[in-house]
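Asker: I'd like to go over a predicted model; first the sequence, then the structure.
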2 protein chains.
Amino acid sequence: MTPDRLNSTFAALADPTRRAMLARLALGEKSVTELARPFEMSLPAVSKHLKVLERAGLIARGREAQWRPCRLEAGPLKGVADWVEHYRRFWDESLDRLGDYLKELQSKEKKHGRRK
Amino acid sequence: MTPDRLNSTFAALADPTRRAMLARLALGEKSVTELARPFEMSLPAVSKHLKVLERAGLIARGREAQWRPCRLEAGPLKGVADWVEHYRRFWDESLDRLGDYLKELQSKEKKHGRRK
DNA sequence: CGGTTAAATAACCATACGGTTAAGTACGAT
DNA sequence: ATCGTACTTAACCGTATGGTTATTTAACCG
């Protein structure tokens, strides 16, 4: 993931309305008005938030008659998870040396013994 | 972690200069000018970035003679890791056929069993 | 066709962001 | 006391963000 993509991803996630939108989309595809319903905000404002999410690659939009269904695209979120993982030892470090060692082992194992 | 803290954390992380600063601080405590050295940017600009990081709780600053040593504080990063973890299944699910199949079913269902 | 619904765009406004230069503060050294 | 070093704060500037209302586009429906 390019740094630039991280910029737009983090910027998109910095707004609580947009995070709430992603949370709702995690429950399934929704049209714009459906998405907008819980928010006390005009539809154009919602539309702008969606554009930010779309440009960040966090959602994709289709067309279905007069609806524009939105769905979650989690790729950039994996980028965030990967980025933050580099810092894990800094919040784990209060554990003792053994803990650090186990952590280290575990992360090595994750890397090699891949997937399910 | 409060939503508000997530706001300021994500906002702080949206800038590549600030992420680079955190990366350098991961190597150890540094004074402001030390931190500033790799960046082509005035010292006041650096100072502003540090204030953003400090207000987000991502760094702490001490005083030692005329130096203001900065150190990484990873608490908010754990908040980010916890938040993003909720979405892991969305980038994992495309990795196996079963996930794809379920996704397909879901989108078909949405299309036919129309809304409301 | 005309009318209704879904959504995007335009124009505008206030505030925040990221940078600058210039001035101010805090401490150590001479 | 004053000089130098290490910052911070102040003032300013252009651009981006998050919101509004009003207008426009797109698609369906009778």
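Answerer: Arrived safely.

Asker: Name the helix or strand for the residue nearest the centre of chain A, please.
Answerer: Centroid check for chain A by Cα atoms, centre = their mean gives residue A:77 as the closest residue, at 3.6 Å. Using DSSP states H and E, residue A:77 maps to helix A:75-85.

Asker: Pull out the buried positions in that helix.
Answerer: A:76-81, A:83-84 (16 or more other Cβ atoms under 10 Å in any protein chain shown). In short, each C-beta sits where N, CA and C put it, glycine included.

Asker: okay, now the domains of chain A?
Answerer: Following the assignment in automatic domain parsing, chain A carries domains at A:3-74, A:86-112.

Asker: Could you count how many residues lie near the closest residue to the residue nearest to the centre of chain A other than its chain neighbours?
Answerer: Nearest residue to residue A:77, sequence neighbours excluded (Cβ to Cβ, 6 or more residues apart in numbering or on different chains): residue B:87, at 4.8 Å. Per other Cβ atoms under 10 Å in any protein chain shown, the neighbour tally for residue B:87 reads 19.

Asker: how about residue B:87, what does it touch?
Answerer: A:22, A:26, A:72, A:74, A:77 (Cβ atoms under 8 Å, 6 or more residues apart in numbering or on different chains).

Asker: What segments of chain A are strands?
Answerer: With DSSP state E as the criterion, chain A has strands at A:59-61, A:70-72.

Asker: Single out the most deeply packed of those strands.
Answerer: Across the strands of chain A, the average number of neighbours (mean count of other Cβ atoms under 10 Å in any protein chain shown) peaks for strand A:70-72, which reaches a mean of 22.

Asker: just checking, what packs against it?
Answerer: Helices and strands touching strand A:70-72, by 3 or more Cβ pairs under 8 Å, 6 or more residues apart in numbering or on different chains; DSSP states H and E, are helix A:16-25, strand A:59-61.

Asker: out of the contacts of residue B:87, what pair is the most spread apart?
Answerer: Farthest-apart pair in the contacts of residue B:87 is A:26 and A:77; separation 10.4 Å (Cβ to Cβ).
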